[in-house]
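Peer 1: need the 3D shape of this:
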Amino acid sequence: MSFTVNIYYTGTNGNAKKFAEEMVTSGTVAAIRAEEGNEQYEYFFPMEDSETVLLVDRWKNQEALDIHHKSEMMQTIAELRKKYKLHMRVEKFIDFI
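Peer 2: I've put the predicted structure just below:
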């Protein structure tokens, strides 16, 4: 049973977009995509909210996500989120197919 986690990062002064750009340029996104069980890790920019970035993060199962949450990449993400002073909101959708 796979699932998708939507994470909305919101900040000011374009910081959410800067965060996403640094995640990509630092190689963190590529490393997460290469993790066992990751099926999608992609940023989107809402047309009507220039201060928010949506991350669509899809995993094969909860075990894969738990391993990801214990990885050093989580520290990198937390540091960047703090650097850019972002707030986040999380939604989780389970795929029963």
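
Peer 1: where in the chain is pLDDT low?
Peer 2: 97 (pLDDT under 70).

Peer 1: show me where it has helices.
Peer 2: For the chain, the helices defined by DSSP state H cover 15-25, 28-33, 62-69, 73-83.

Peer 1: dump those helices to CSV, plus mean neighbour count and distance to Tyr8.
Peer 2: The way it works is simple: take the backbone N, C-alpha and C, and place the C-beta from them, glycine included. Shown next, in CSV, are these (neighbours: other Cβ atoms under 10 Å; distance: least, Cβ to Cβ, whole Å):
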stretch, mean neighbour count, distance to Tyr8
helix 15-25, 18, 9
helix 28-33, 15, 17
helix 62-69, 14, 18
helix 73-83, 14, 12
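
Peer 1: of those helices, which is nearest Tyr43?
Peer 2: Taking Cβ to Cβ, helix 15-25 is the member of those nearest to Tyr43, at 4.4 Å.

Peer 1: from the contact counts, what lies against that closest one?
Peer 2: Judged by 3 or more Cβ pairs under 8 Å, 6 or more residues apart in numbering; DSSP states H and E, the packing partners of helix 15-25 are strand 3-10, strand 38-44, strand 52-59, helix 73-83.
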